[in-house]
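K.L.:
the sequence isn't on hand, but the structure is:
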């Protein structure tokens, strides 16, 4: 009897897609390591192939069990609603796992879907110029994914509550599989932080000490709040002059963020390195004075956990899933409150006892999250969906 065939939509596999890329890579890696009893085909876009090669190179991959199928079908496109159906039919899967809500709404065979959050409803995605029809199509696709799937996977209890409350799903249909932190995010001994800072200073034109922000440049990620808070912090503490490193690419849809940086009286100390290599990202996490994450809405929030794993204290908003994920290991501040955030920055930067306490608490907190556990739980979901 042949093994059941599962297709995983890996078109978000490349790391440049952000958190969904990390989730997809981690899921596939753990399924491979778990020696699962199914046969898999992973859908990739051409741009994903290099990341796929790096992912599987160190793993013992059974090429009869794991295959790829490259399709040049963009996300959120008409081709996703037409051509992708033909591709899936040709592969004849017993189950499809769409790793994000976008999927062909005319797909009628069994599938499970991961809905990471409901940003699309709370903070509409896409460009500000997107038509009402486009936004309507996004919402309909999301709702179909939730209702037509055999199981909805999400990444926090907060997101599950959103799905149950806003989409009126029965709680039993939504399974929570917490994400994890990649092993590359490790702390360095405190005496070595200075050396790492000096190396990054030369490469990225930094001047230690520095605060760090890593995320997309969208308003709900809290960047406007952070810039205002940084201005207040610097004004109130003229002797403290840490730079603010903002990792990520400016978003043309939100020019006011870049305008706020340029308008800041401390704009010269707000460093924008753009997208950086994973190695440099790890080093930034390890050597930052604090990681600041004033996001207004998250489904899970990988960056603050990555910072904790690298031994850096975290300051974050007290909203959405962040208290659930970070617990008491982060300095939580009221959301959308630049003054409170500025005070927290000063507190963490100047109070070395608090700094060390947050560092130790963060390192302990991340041990509660495991990609391996997430893979095991997802495998159990596949089994139940196939039955």
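P.N.:
Sure, I can see it. As the structure is a prediction and not an experimental result, all values here were calculated from the model. Numbers count the residues shown, from 1 in each chain.
K.L.:
contacts and neighbour counts: CA atoms only from here.
P.N.:
Noted.
K.L.:
give me the contact list for the helix or strand bottoming out on mean pLDDT in the chain.
P.N.:
When the helices and strands of the chain are compared on mean pLDDT, DSSP states H and E, helix 190-204 comes out lowest with a mean of 74. Applying C-alpha atoms under 8 Å, 6 or more residues apart in numbering, the contact partners of helix 190-204 are 206, 207, 208, 209, 273, 280, 283, 284, 286, 287.
K.L.:
which residues in the stretch 251-387 of the chain form helices?
P.N.:
Along the stretch 251-387 of the chain, counting by DSSP state H, counting those that start in this stretch, helices occupy 255-263, 278-287, 302-309, 322-326, 338-350, 352-365, 371-386.
K.L.:
could you do the stretch 51-200 of the chain as well?
P.N.:
Going by DSSP H, counting those that start in this stretch, the stretch 51-200 of the chain shows helices at 78-81, 83-91, 119-122, 132-148, 157-167, 190-204.
K.L.:
deepest-packed of those helices, please.
P.N.:
helix 157-167 (a mean of 18; mean count of other C-alpha atoms under 10 Å).
K.L.:
got the angle for it vs helix 132-148?
P.N.:
Compare the direction of helix 157-167 with that of helix 132-148 by axes from the mean of the first three to the mean of the last three C-alpha atoms, to 10 degrees and you get 110 degrees.
K.L.:
so how far is helix 157-167 off the chain centroid?
P.N.:
Averaging C-alpha coordinates over helix 157-167 and over its chain gives two centres that are 18 Å apart (C-alpha atoms, centre = their mean, to the nearest Å).
K.L.:
by contact count, what packs against that helix?
P.N.:
Secondary-structure packing of helix 157-167 (3 or more C-alpha pairs under 8 Å, 6 or more residues apart in numbering; DSSP states H and E): strand 174-176.
K.L.:
that older thread, out of the helices of the stretch 251-387 of the chain, nearest to residue 18?
P.N.:
Smallest distance to residue 18 across the helices of the stretch 251-387 of the chain (C-alpha to C-alpha): 9.6 Å, for helix 302-309.
K.L.:
show residues contacting the closest one.
P.N.:
Where contact means C-alpha under 8 Å, 6+ apart, the residues beyond helix 302-309 that reach it are 19, 179-182, 185-187, 214-215, 285-286, 291-293, 313-314, 316, 326, 359, 362-363, 365-366.
K.L.:
taking those residues one by one, which sit in strands?
P.N.:
Among those, the members found in strands (DSSP state E) are 214, 291, 292, 293, 314, 316.
K.L.:
any idea how far the closest residue to residue 32 other than its chain neighbours lies from residue 24?
P.N.:
Excluding its sequence neighbours, the residue lying closest to residue 32 (C-alpha to C-alpha, 6 or more residues apart in numbering) is residue 61, at 6.8 Å. Using C-alpha to C-alpha, to the nearest Å, we find residue 61 at a distance of 17 Å from residue 24.
K.L.:
and the end-to-end length of stretch 241-251?
P.N.:
The first and final residues of stretch 241-251 sit 27 Å from each other (C-alpha to C-alpha).
K.L.:
just the mean pLDDT for that stretch, thanks.
P.N.:
Confidence over stretch 241-251 (mean pLDDT, whole number) is 92.
K.L.:
measure the nearest residue to residue 100 once chain neighbours are set aside to residue 174 for me?
P.N.:
Nearest residue to residue 100, sequence neighbours excluded (C-alpha to C-alpha, 6+ apart): residue 114, at 5.2 Å. Using C-alpha to C-alpha, residue 114 is found at 10 Å from residue 174.
K.L.:
ok, residue 61 next?
P.N.:
Counting by C-alpha to C-alpha - residue 61 and residue 174 are separated by 31 Å.
K.L.:
who's more crowded, the two?
P.N.:
residue 174 (24 against 15; other C-alpha atoms under 10 Å).
K.L.:
contacting residues around the nearest residue to the more buried one once chain neighbours are set aside?
P.N.:
Spatially, and ignoring its direct neighbours in sequence, residue 174 is nearest to residue 152 (4.8 Å; C-alpha to C-alpha, 6+ apart). Contact criterion C-alpha under 8 Å, 6+ apart gives 112, 113, 114, 115, 146, 173, 174, 175 as the residues in contact with residue 152.
K.L.:
residues near residue 309, how many?
P.N.:
Residue 309: 28 surrounding residues under other C-alpha under 10 Å.
K.L.:
let's number from 28 now, not from 1
P.N.:
All set: I'll call the first residue 28, so the last point we hit is now residue 336.
K.L.:
pLDDT value on it, please?
P.N.:
In the predicted model, residue 336 carries a pLDDT score of 98.
K.L.:
ditto for residue 162
P.N.:
Per-residue confidence (pLDDT) for residue 162: 77.
K.L.:
what's the answer for the one 3 residues further on, then?
P.N.:
Confidence at residue 165, expressed as pLDDT, is 83.
K.L.:
quick one: residues contacting residue 178.
P.N.:
When the contact criterion is C-alpha under 8 Å, 6+ apart, the partners of residue 178 are 138, 139, 140, 200, 201, 202, 408, 412.
K.L.:
backbone dihedrals for the residue nearest to residue 97 when sequence neighbours are not counted, both of them.
P.N.:
Spatial nearest neighbour of residue 97, chain neighbours left out: residue 71 (4.7 Å); criterion: C-alpha to C-alpha, 6+ apart. Reported as degrees, to the nearest 10, the phi and psi values for residue 71 are phi -130, psi 150.
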